[in-house]
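J.: model this:
(one chain, ligands or ions: 1)
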Amino acid sequence: MQTVAARADGLTILRLASPADGEAWRAAFAGAYQEIWSEPPYNERFSSEEAGAVLPRTLRIPDQITLLAVRDSGVVAGFAMAYPVSSKPDVVRDIRGLLPIDHTFYFAELGIMEAWRHAGLARQLIERRLELIDKTRFTHVLLRTSATKNAAYDMYKRMGFEDTGVYMEVASRRNDGSFRTDRRLFMAKVL
Ligand SMILES: CC(C)(COP(=O)(O)OP(=O)(O)OC[C@H]1O[C@@H](n2cnc3c(N)ncnc32)[C@H](O)[C@@H]1OP(=O)(O)O)[C@@H](O)C(=O)NCCC(=O)NCCS
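T.: Reported below is the predicted structural model:
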């Protein structure tokens, strides 16, 4: 585990390197994850076990970059993950031919808790992930965001991500208990 930044607002940005690093943060991460994805436009419902499992699962992926914005008190204010897109087979299926699979990184799971928004934290987590990618091996970054244009879309556009015009349906359990798909848009950036 490594501290990558200490912010004036008392948040520390940690980079987690292994599933063991994630253990202490698992419960707080799960709570933040559940809360953030339950909001519109996603309205997703994850059990605490499902949400908590995201952390060790991601930390086992080769070359992963996992950042948590935390307080010493154990609060998780935000999270951001990234890994080679080759470790995300459902996405590879949809973008094959569009981007060089072996040279594309995938930005997954960016979320900031409501109380900590509008303070540049998402931008910082995006910039840090971009910096940490090995540019000798990777030339592109891909992510997906809601096709319902929102703050995230504008944010990514301003940070140099382009709208690929390619969409994907993502199936998930929703707040009302139903299992439905929602539409996501792929955005990409050349490193
Ligand atoms: C989208 C989200 C990550 C932004 O987090 P944040 O820490 O508040 O964002 P920042 O403060 O770093 O702002 C980044 C940029 O987006 C803009 N922005 C952020 N939220 C905005 C909003 N609600 N409306 C308009 N612009 C917004 C900021 O003005 C800023 O632009 P600038 O850096 O060019 O001035 C956060 O609202 C969130 O977690 N939402 C729910 C989950 C989600 O949508 N994740 C992304 C899915 S891929």
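J.: contact partners of stretch 13-28?
T.: The set of residues that contact stretch 13-28 without belonging to it, under Cβ atoms under 8 Å, 6 or more residues apart in numbering, is 1-7, 29, 48, 52, 55-56, 59-60, 65-70, 74-76, 124-125, 128, 132. Where C-beta positions appear, they are placed from N, C-alpha and C, glycine not excepted.
J.: and it, does that touch the ligand?
T.: No - applying Cβ under 6 Å from any ligand atom, one finds stretch 13-28 out of contact with the ligand, separated by at least 12.0 Å.
J.: which of the contacts of stretch 13-28 fall within helices?
T.: 29, 48, 52, 55-56, 59, 124-125, 128, 132 (DSSP state H).
J.: and those residues as CSV, adding pLDDT?
T.: Putting the ones in helices among the contacts of stretch 13-28 into CSV (pLDDT from 0 to 100) gives the following:
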residue, pLDDT
29, 98
48, 96
52, 97
55, 97
56, 97
59, 98
124, 98
125, 98
128, 98
132, 97
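J.: please convert the buried members of those residues into PyMOL selection syntax.
T.: When burial is assessed using 16 or more other Cβ atoms under 10 Å, the buried subset of the ones in helices among the contacts of stretch 13-28 is captured in PyMOL by this command:
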select buried, resi 29+52+55+56+59+124+125+128
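J.: tell me, how many residues neighbour residue 118?
T.: Around residue 118 there are 9 other residues, counting by other Cβ atoms under 10 Å.
J.: interface residues of this structure facing the ligand?
T.: If contact is defined as Cβ under 6 Å from any ligand atom, the residues of the chain in contact with the ligand are 36, 39, 110-112, 117-123, 145, 151-152, 154-155, 158.
J.: try 8 Å
T.: Listed as neighbours of the ligand in the chain under the rule Cβ under 8 Å from any ligand atom: 36-37, 39, 41-42, 78, 107, 110-114, 116-126, 143-146, 150-152, 154-156, 158-159.
J.: residue closest to the middle of the protein?
T.: Here the mean C-alpha position of the chain is nearest to the C-alpha of residue 109 (Cα atoms, centre = their mean), at a distance of 2.1 Å.
J.: could you report the distance from residue 49 to residue 29?
T.: Distance from residue 49 to residue 29, counting by Cβ to Cβ, to the nearest Å: 13 Å.
J.: likewise residue 58?
T.: With the distance defined as Cβ to Cβ, residue 58 ends up 10 Å from residue 29.
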